[in-house]
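[1] Build me a structure from this.
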Amino acid sequence: MPAKTLATLAGIAAALVALYVWRLAALPGALLGNVVVAGVLTGLIYGLMALGLSVIFGVVRVVNFAHGEMMTIAMYAAVLLFGAFRLDPFLALAPVAVAFFAFGYALQAGLINPFVERPEHSQFMLLVAVAIIMVNGLLMGFGPDARSAQVDYALDSFEVGPLVVDKVRVYAASVAVLLAAGLFAFFRLTATGRAIRACADNLLGAKVVGLDVKRYYALTFGIGAALVGAAGVLQAMLVDVTPALGPVYTLLAFVIVIVGGLGSMGGALAGGVLIGLSEALAGVAFTPSAKSMFSFALLILVLLLRPQGLLGKKAG
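    Next up is the predicted model:
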């Protein structure tokens with residue numbers, strides 16, 4: 001990219017950030033504290049969503065362009081289970097995650113594995129087609145109207161000094177942290193997790209020692225799908241769901257993993273918290289519709305100053 005273009009982008013991003021900081025400085029301290037806590041908690045759920053995308057890309061080297069659409073389906077699943085059986089989304093999380101694991105495993109084993117060694121544009125077209133099918137299926141099944149899972153404790157909160165924090169957000173973020181910790185432990189402490197890491201680190205070596213690479217790819221995609229399914233169930237308690245959210249969450253997941261570092265699990269969580277915080281602060285300093293603008297300004301700054309992402313590694 002020409003140096004003049006880079007300088008222009010950097011100037012725009014820096015100006016937005018400076019305006020952002022100036023507006024935040026005028027906010028009351030108590031309000032700012034509440035917004036920061038809410039943004040961090042929401043960001044942990046974003047991080048869980050992006051963690052699924054990062055795991056899939058880090059191992060399979062396929063970009064899941066249907067990631068946000070899968071999250072939206074999980075949100076609808078939580079809403080339907082709550083509406084039909086009054087099943088609390090926290091209780092629905094396990095069966096939804098298991099179902100998404102099975103779906104992700106089958107999708108990778110039956111449809112994506114034949115495309116793993118094909119050109120990247122073929123993978124792109126395949127997963128974009130899957131995403132379009134998902135969005136239109138949701139539109140046909142549920143229409144464009146928003147739906148939600150309004151649990152009994154949706155309006156309850158914790159009071160800690162001047163801070164007032166939603167109980168739902170605290171519970172959801174805590175579950176996200178536990179699931180992320182479980183994933184880290186799985187990859188480091190189990191034989192299956194180490195085998196998956198071996199497939200990611202040295203594909204040829206994994207084949208030489210006899211690992212069934214395509215099976216581990218399917219397991220990885222299943223794990224990534226289970227993570228995004230769990231994130232969708234948690235997010236269903238915080239926002240109303242519509243089919244149009246699918247592409248929005250796909251784009252958001254990409255922003256998060258690029259900011260955090262492609263293929264870095266820790267980076268996905270860090271990026272999620274950073275973007276969640278940025279959106280929350282932009283929403284109160286300006287308008288909720290401005291939050292994406294500042295997230296992309298942050299993305300531009302990261303790409304200019306640290307192209308590999310916050311916790312990513314330089315190529316080569």
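[2] Low-confidence bits of this protein, can you list those?
    Across the chain, residues meeting the criterion (pLDDT under 70) sit at 1-3, 20, 315-316.
[3] just the helices in it please.
    Assigned by DSSP state H, the chain shows helices spanning 3-25, 29-60, 67-85, 89-107, 120-142, 167-189, 191-201, 203-208, 213-235, 245-260, 265-285, 291-305.
[4] tell me the most buried of those?
    Of all the helices of the chain, helix 213-235 carries the top mean neighbour count, a mean of 26, counting by mean count of other CB atoms under 10 Å. Where you see a C-beta, it was placed from the backbone N, CA and C, and this is true even at glycine.
[5] Quick one: the helices of the chain as CSV, columns for distance to Ser148 too.
    Below are the helices of the chain laid out as CSV (distance: least, CB to CB, whole Å):
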stretch, distance to Ser148
helix 3-25, 30
helix 29-60, 16
helix 67-85, 7
helix 89-107, 11
helix 120-142, 12
helix 167-189, 12
helix 191-201, 36
helix 203-208, 43
helix 213-235, 11
helix 245-260, 12
helix 265-285, 19
helix 291-305, 20
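[6] Gly161 is nearest to which of these?
    Taking CB to CB, helix 29-60 is the member of the helices of the chain nearest to Gly161, at 8.7 Å.
[7] Please state the offset of the closest one from the chain centre?
    When C-alpha coordinates are averaged (CA atoms, centre = their mean, to the nearest Å), helix 29-60 and its chain have centres 8 Å apart.
[8] can you state the direction angle for that helix and helix 167-189?
    30 degrees (axes from the mean of the first three to the mean of the last three CA atoms, to 10 degrees).
[9] Which neighbouring elements make contact with helix 29-60?
    helix 67-85, strand 163-166, helix 167-189, helix 191-201, helix 213-235, helix 245-260, helix 265-285 (3 or more CB pairs under 8 Å, 6 or more residues apart in numbering; DSSP states H and E).
[10] that older thread, among the helices of the chain, which comes closest to Asn113?
    Among the helices of the chain, helix 213-235 comes nearest to Asn113, with 5.0 Å by CB to CB.
[11] How far away from the center of its chain is the closest one?
    12 Å.
[12] With just CA atoms, put it into PDB.
    Taking C-alpha atoms only, helix 213-235 is exported to PDB below (Å, rounded to 0.1, in the frame of the first residue of the first chain):
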ATOM      1  CA  VAL A 213      -5.300 -35.300  10.000                       C
ATOM      2  CA  LYS A 214      -8.700 -35.000   8.400                       C
ATOM      3  CA  ARG A 215     -10.300 -36.500  11.500                       C
ATOM      4  CA  TYR A 216      -8.500 -34.000  13.700                       C
ATOM      5  CA  TYR A 217      -9.600 -31.200  11.300                       C
ATOM      6  CA  ALA A 218     -13.200 -32.300  11.800                       C
ATOM      7  CA  LEU A 219     -12.700 -32.400  15.600                       C
ATOM      8  CA  THR A 220     -11.200 -28.900  15.500                       C
ATOM      9  CA  PHE A 221     -14.100 -27.500  13.400                       C
ATOM     10  CA  GLY A 222     -16.500 -29.200  15.800                       C
ATOM     11  CA  ILE A 223     -14.800 -27.500  18.800                       C
ATOM     12  CA  GLY A 224     -14.900 -24.100  17.000                       C
ATOM     13  CA  ALA A 225     -18.600 -24.600  16.200                       C
ATOM     14  CA  ALA A 226     -19.300 -25.600  19.900                       C
ATOM     15  CA  LEU A 227     -17.600 -22.400  21.100                       C
ATOM     16  CA  VAL A 228     -19.600 -20.200  18.800                       C
ATOM     17  CA  GLY A 229     -22.700 -22.100  19.700                       C
ATOM     18  CA  ALA A 230     -22.100 -21.500  23.400                       C
ATOM     19  CA  ALA A 231     -21.300 -17.800  22.700                       C
ATOM     20  CA  GLY A 232     -24.600 -17.500  20.800                       C
ATOM     21  CA  VAL A 233     -26.600 -18.900  23.700                       C
ATOM     22  CA  LEU A 234     -24.900 -16.400  26.100                       C
ATOM     23  CA  GLN A 235     -25.400 -13.500  23.700                       C
END
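[13] how much does that helix deviate in direction from helix 167-189?
    160 degrees.
[14] which helices and strands sit right next to helix 213-235?
    So helix 213-235, by 3+ CB pairs under 8 Å, 6+ apart, packs with helix 29-60, helix 67-85, helix 89-107, helix 167-189, helix 191-201, helix 203-208.
[15] All set now, cheers.
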